[in-house]
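[1] Fold the following for me, if possible:
(2 chains)
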Number of protein chains: 2
Amino acid sequence: MRQFVVIGRDVPTDPDAISLSDIPGAGRLDLLCRCVSAGVFLSHGIRESVRVHLAIADEFTVSFDSDALRHLHPDERNVAARVRDALDARDEAIGHMPADVSPGVELRRMGLDATLDRLVGADGRGPDGTLVQLHEDGAPLIDAEPPEDPVFVLSDHHDFAPDEAAAVDERADRRLRVGPELLHADHAITVVHNWLDTDGYASY
Amino acid sequence: MRQFVVIGRDVPTDPDAISLSDIPGAGRLDLLCRCVSAGVFLSHGIRESVRVHLAIADEFTVSFDSDALRHLHPDERNVAARVRDALDARDEAIGHMPADVSPGVELRRMGLDATLDRLVGADGRGPDGTLVQLHEDGAPLIDAEPPEDPVFVLSDHHDFAPDEAAAVDERADRRLRVGPELLHADHAITVVHNWLDTDGYASY
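    A predicted model of the protein is given here:
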């Protein structure tokens, strides 16, 4: 299982504030949509065992599960519509129980900290996997051993805010660096997938 | 200079047939738009010396030059609007002279063969650079020396058609393989950029 948590600090939690004709205007939701696509899609199908979690406004988390998704297309508008539908079901997310939105899409009333607790616990090593931070001070991907069941955390167009950085830092099993250029989150996901697909650039 | 030629066989050449509310419906223009974004954008800026050429319906080529672009945003709708504007200027593209559409965007009345001739000549080695084909039978990226001034050719959601494959085959200086999974063209561009950014996974 590969998982990606993407922070979308500025995305509105009110679905009526999301216009499919101005997806960037919804707190750069376009970038988060491309993260979902980069996470789950291959050229002619959907990857197995990938989950992408969008942590929206530190209040809700919308999760896409590649093994259960149906009829999702990779364009931004299609993904944005799923996110909007998920937020439309926010009253059904009670406590930490998810609202089921559509096949493979769930909404939880959880901010970043609660989502990381759910995925990797307080120590960053379980139950789902180990937290890996993509960071410019990290070790080069080429030198690192691909982790089992990694949970990567990325930020949208903003740097990590102090509270977000703290939540990640205290759980990060390790830090990895994808290259000398600062990439958009969706491009970083693609690079990481390729690194894992090739078993650390060893197997093509 | 890094260049990417992306074939968009099904994109309509009539701008009135392109709806910004249904970009995938315009011959999967969404995929081409993501290729432009993957080609030219870094997290907080635009790459230097990158050109992305969209070969549309084997009749027109819309080129984006990262060094001259102004006010382009990475979302699909923004890029699609530029493509539509370019096609709207198609009557001004006479012979092989380009129509200037907006800063950094040009339209030429050239199919794939003429565009490849312009970029890499009949032998695939000039004037702009050498043609590199991304192909599942190619050599693994990790084993290849990063070329100078590469011109990569990719196809949209279709495989190369026989005439396209012939135009590329006869000019390809070499074939490279990005990994064991078949990736969307935009994701392949991101992988190739990272390979070049790191000087062949050597420099982070």
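[2] C-alpha only now, for contacts and for neighbours.
    Noted.
[3] Could I get the full set of helices for chain A?
    Secondary structure of chain A (DSSP state H): helices located at A:29-40, A:76-88, A:112-120, A:162-169, A:185-197.
[4] Make CSV from these and add distance to chain B to it.
    Shown next, in CSV, are these (distance: least, Cα to the nearest Cα, whole Å):
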stretch, distance to chain B
helix A:29-40, 6
helix A:76-88, 7
helix A:112-120, 22
helix A:162-169, 18
helix A:185-197, 6
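[5] can you redo the ones you listed as TSV with distance to residue B:158, mean pLDDT and mean neighbour count?
    As requested, the helices of chain A are exported to TSV (distance: least, Cα to Cα, whole Å; pLDDT from 0 to 100; neighbours: other Cα atoms under 10 Å in any protein chain shown):
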stretch	distance to residue B:158	mean pLDDT	mean neighbour count
helix A:29-40	18	98	26
helix A:76-88	20	98	22
helix A:112-120	37	96	20
helix A:162-169	40	93	15
helix A:185-197	20	98	23
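[6] For those, give me TSV that also has distance to residue B:139.
    TSV is the format used below for these (distance: least, Cα to Cα, whole Å):
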stretch	distance to residue B:139
helix A:29-40	24
helix A:76-88	33
helix A:112-120	38
helix A:162-169	38
helix A:185-197	15
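[7] Select, out of those, the one closest to residue A:176.
    Closest to residue A:176 of these, according to Cα to Cα: helix A:185-197, at 9.8 Å.
[8] about what we covered before: closest to residue B:138 out of the helices of chain A?
    helix A:185-197 (16.0 Å).
[9] Centre-most residue in chain A?
    Most central residue of chain A, judged by C-alpha distance to the mean C-alpha position with Cα atoms, centre = their mean, is residue A:5 at 3.0 Å.
[10] mind listing what that one touches?
    Applying Cα atoms under 8 Å, 6 or more residues apart in numbering or on different chains to residue A:5 gives the contacts A:52, A:53, A:54, A:55, A:151, A:152, A:153, A:154.
[11] For it, list each beta-bridge partner.
    Note on residue A:5: beta-bridge partners by DSSP bridges are residue A:53, residue A:153.
[12] circling back: which among the helices of chain A is found nearest to residue B:16?
    Evaluated over the helices of chain A, closeness to residue B:16 peaks at helix A:76-88, with 19.9 Å, by Cα to Cα.
[13] So for stretch A:124-141, what gets flagged as buried?
    A:124-126, A:128-136, A:138-141 (16 or more other Cα atoms under 10 Å in any protein chain shown).
[14] Return the residues in contact with the residue nearest to residue A:83 when sequence neighbours are not counted.
    Nearest non-adjacent residue to residue A:83, counting by Cα to Cα, 6 or more residues apart in numbering or on different chains: residue A:62, 6.9 Å away. Residue A:62 sits next to A:53, A:54, A:55, A:56, A:83, A:86, A:105, A:106, A:107, A:108 when contact means Cα under 8 Å, 6+ apart.
[15] what's the farthest-apart pair in those residues?
    Top of the distance list for those (Cα to Cα): A:56 and A:105, 14.4 Å.
[16] ok, back up a step: now do the residue nearest to the centre of chain A against chain B, distance only.
    Using Cα to the nearest Cα, to the nearest Å, we find residue A:5 at a distance of 17 Å from chain B.
[17] Residue A:72 too?
    Residue A:72 is 13 Å from chain B, by Cα to the nearest Cα.
[18] pLDDT score assigned to that residue?
    On the pLDDT scale, residue A:72 is placed at 96.
[19] Any residue of the lengthiest strand in chain A touching chain B?
    Scanning chain A for the longest strand, with DSSP state E as the assignment, gives strand A:130-140. Yes - applying Cα under 8 Å from any Cα of the partner chain, one finds strand A:130-140 touching chain B at residue A:140.
[20] Tell me if I'm right that residue A:51 and residue A:64 touch.
    Yes - Residue A:51 lies in contact with residue A:64 (Cα atoms under 8 Å); the separation is 5.5 Å.
[21] Tell me which of those two has more neighbours.
    Between residue A:51 and residue A:64, counting by other Cα atoms under 10 Å in any protein chain shown, residue A:64 is the more crowded of the two (28 against 24).
[22] List the contacts of the more buried one.
    A:36, A:51, A:52, A:53, A:104, A:105, A:106.
[23] and if we set it to 10 Å?
    By Cα atoms under 10 Å, 6 or more residues apart in numbering or on different chains, the contact set of residue A:64 is A:3-4, A:36-37, A:39-40, A:50-54, A:79, A:82-83, A:102-107.
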